[in-house]
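Student: I'll drop the sequence and a predicted model, then ask my questions.
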Amino acid sequence: MTILLELDEVQSQRLRDLALALKVDANELARAAINDLVSRPADDFDRAVQYVLEKNRELYRRLA
């Protein structure tokens, strides 16, 4: 998939500066940032998992 992003001058400069500091291409840095964002589970999912684990802690202990 190809996505075109329009950054304002400040955002563009910050991306270039960060990429330069990390010694990577700015496009690759943007791609990695997007990949990181879409790879993380949603906060709601994390909260739901924690709720289920806490709620069933004693059951899981007995089954182990």
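Tutor: Received the coordinates, thanks. Note that the structure is a prediction, hence the values are computed from the model and not measured.

Student: Pro41 sits in which helix or strand?
Tutor: Secondary structure assignment for Pro41, by DSSP states H and E: no helix or strand.

Student: distance check, the residue nearest to the spatial centre of the chain against Leu22.
Tutor: Taking Cα atoms, centre = their mean, the centroid of the chain lies closest to Leu37, which sits 2.7 Å from it. Distance, Leu37 to Leu22, by Cβ to Cβ, to the nearest Å: 17 Å. From N, CA and C alone the C-beta is placed, and that goes for glycine too.

Student: coming back round to it: any idea how far the residue nearest to the centre of the chain is from Phe45?
Tutor: For Leu37, the distance to Phe45 - Cβ to Cβ - is 15 Å.

Student: swap in Gln13?
Tutor: Computed with Cβ to Cβ, the distance linking Gln13 and Phe45 is 35 Å.

Student: before we move on, what about Asn27?
Tutor: Where Phe45 is concerned, Asn27 sits at a distance of 30 Å (Cβ to Cβ).
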